[in-house]
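S.K.: sharing a model that was predicted from the sequence below.
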Amino acid sequence: MKLTCDREQLLSAFQTAASVAPTRSPKPILQNVKIEATKEAVILVATDLEIGIRIQVNGMEVDAPGTALLSITRFGSILRECSGDSRLYLETTKSGTLVRGERSEFRLPGENPEEYPSVTPFSEGKHHELPARLLRELVRRTLFATDNESSRYALGGVLLEMTDKRITAVATDGRRLAKMEGPATSVGGHQNADTMTIVPSRAMQLMERAFFEPDAQVQIAARANDILVCTPRVTIYSRLVEGRFPRWRDVFPQRQDAHKIELPIGPVHAAVRQAAIVTNDESRGIDFKFADGMLTLAGQAAEIGEAHVELPIAYTGPAVSITLDPRYMSDFLKVLDAEKTFTLELKDAESAAVCSTDDGYGYVIMPLARDR
């Protein structure tokens with residue numbers, strides 16, 4: 001293999017691929033990124049056997065096709081530290097890999113690339129298609145609600161449901177639940193209504209990082225035990241999380257007698273942050289009171305102090321109060337546009353608070369006990 005590369009473009013792709021490789025493994029070969037160079041394209045491949053990625057790298061000139069294994073630590077350091085070189089030359093030799101810049105040269109020992117596990121390209125005829133921009137929004141608005149510490153493994157991932165024209169992402173930790181949906185096109189009759197497609201949090205994080213081209217189309221193929229997701233440049237493979245996901249539709253109550261309050265996102269987020277200043281782990285709850293055109297937030301903790309924050313709002317209904325964890329409310333608000341509004345649906349102090357936006361986002365928070 002002989003090729004000349006744009007250092008910055010290779011660095012960006014290499015860092016994304018290297019994030020998949022395990023830092024510790026009983027199989028040391030996995031602590032490498034495989035490079036596959038042909039006359040048509042240069043592909044970086046990485047896997048930890050649970051999640052895998054293939055990334056096409058731009059800005060490469062291939063003089064001789066071939067493959068090699070590149071150490072995530074040593075080769076990654078070369079790419080970062082040779083910042084004065086806009087282009088680097090790579091060549092495989094019998095003893096390893098030669099990396100040369102304008103004034104530097106490195107010789108790295110290499111392992112046999114034939115022994116590296118494969119990550120197959122995307123070739124599924126049945127799949128769903130949606131814009132990368134939407135997929136990244138699905139991840140951003142749900143991933144924070146997962147719980148990787150729970151003994152219920154299903155809570156450590158995001159549930160994806162795909163029908164003829166829609167895709168829905170759901171995540172929960174048992175105390176709050178986030179749901180985001182949007183339009184997606186089924187190709188070849190692809191649906192996953194009969195299976196539970198729970199994608200690990202790490203794989204969802206990787207999708208948000210790797211699918212950075214907002215105008216690209218994403219293809220998703222859900223299978224019995226794994227999922228394949230690809231754009232023209234990137235393919236991600238992941239095994240699915242085992243377990244049963246909660247019946248999330250039951251969490252969204254259908255309440256005719258609930259109060260629906262439209263609130264400004266930015267000002268409410270600022271008020272929540274202010275009220276949370278005097279809370280701690282033992283007394284984390286904030287009292288939200290809606291009455292007479294005013295939202296009043298009150299928080300207190302022994303030996304820390306008290307907070308009282310008022311925010312004028314367009315609400316003229318009867319007084320209603322609820323105690324919520326400010327972290328959960330803040331997590332919801334910070335993934336939204338601060339200039340827009342959301343709807344808060346409240347029934348009473350003991351029932352769940354339901355937040356929603358006009359673009360398919362829903363969020364449920366369980367209240368805290370008043371005598372916390």
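M.R.: Yes, it's here.
S.K.: right, and residue 61 touches residue 3 too?
M.R.: Yes - counting by C-beta atoms under 8 Å, residue 61 does reach residue 3; the two are 6.2 Å apart. For glycine as for every other residue, the C-beta is placed from the backbone atoms N, C-alpha and C.
S.K.: helix or strand: which one has the residue nearest in space to the middle of the chain?
M.R.: Against the mean C-alpha coordinate of the chain, by C-alpha atoms, centre = their mean, the closest residue is residue 205 at 3.5 Å. Counting by DSSP states H and E, the element that carries residue 205 is helix 201-210.
S.K.: and for residue 331?
M.R.: helix 326-333.
S.K.: buried residues in stretch 141-151?
M.R.: 141-147 (16 or more other C-beta atoms under 10 Å).
S.K.: so residue 57 sits right up against residue 7, yeah?
M.R.: No - if you go by C-beta under 8 Å, residue 57 and residue 7 don't touch, sitting 11.1 Å apart.
S.K.: ok, back up a step: now the residue nearest to the centre of the chain. Nearest residue, chain neighbours left out?
M.R.: Distances taken as C-beta to C-beta, 6 or more residues apart in numbering place residue 143 nearest to residue 205, at 6.7 Å, with adjacent residues excluded.
S.K.: find me the pLDDT at that neighbour, would you?
M.R.: If you check residue 143, the pLDDT there is 97.
S.K.: for stretch 176-189, output the C-alpha coordinates as CSV.
M.R.: Presented in CSV, the C-alpha positions along stretch 176-189 are these (Å, rounded to 0.1, in the frame of the first residue of the first chain):
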residue,chain,number,x,y,z
ARG,A,176,-38.4,10.3,33.0
LEU,A,177,-39.0,9.4,29.4
ALA,A,178,-38.0,11.2,26.1
LYS,A,179,-39.7,10.5,22.8
MET,A,180,-38.9,12.1,19.4
GLU,A,181,-40.4,11.2,16.1
GLY,A,182,-40.2,12.3,12.5
PRO,A,183,-40.8,11.3,8.9
ALA,A,184,-38.9,8.4,7.4
THR,A,185,-39.5,6.4,4.2
SER,A,186,-39.7,2.6,4.2
VAL,A,187,-37.9,0.9,1.3
GLY,A,188,-38.7,-2.7,0.3
GLY,A,189,-41.4,-2.9,3.0
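S.K.: any idea how far that stretch is from the chain center?
M.R.: The chain centroid and the centroid of stretch 176-189 are separated by 15 Å under C-alpha atoms, centre = their mean, to the nearest Å.
S.K.: what about it, average pLDDT?
M.R.: Averaging pLDDT along stretch 176-189 gives 96.
S.K.: next up, the contacts around residue 280.
M.R.: Counting by C-beta atoms under 8 Å, 6 or more residues apart in numbering, residue 280 makes contact with 301, 304.
S.K.: just the endpoints, please. Distance across stretch 279-288?
M.R.: 14 Å (C-alpha to C-alpha, to the nearest Å).
S.K.: show me the domain layout of the protein.
M.R.: Here the domain parsing of the chain from automatic domain parsing is 2-115, 127-249, 252-365.
S.K.: dump these to JSON lines, plus distance to residue 121.
M.R.: Converted to JSON lines, the domains of the chain look like this (distance: least, C-beta to C-beta, whole Å):
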{"stretch": "domain 2-115", "distance to residue 121": "6"}
{"stretch": "domain 127-249", "distance to residue 121": "6"}
{"stretch": "domain 252-365", "distance to residue 121": "31"}
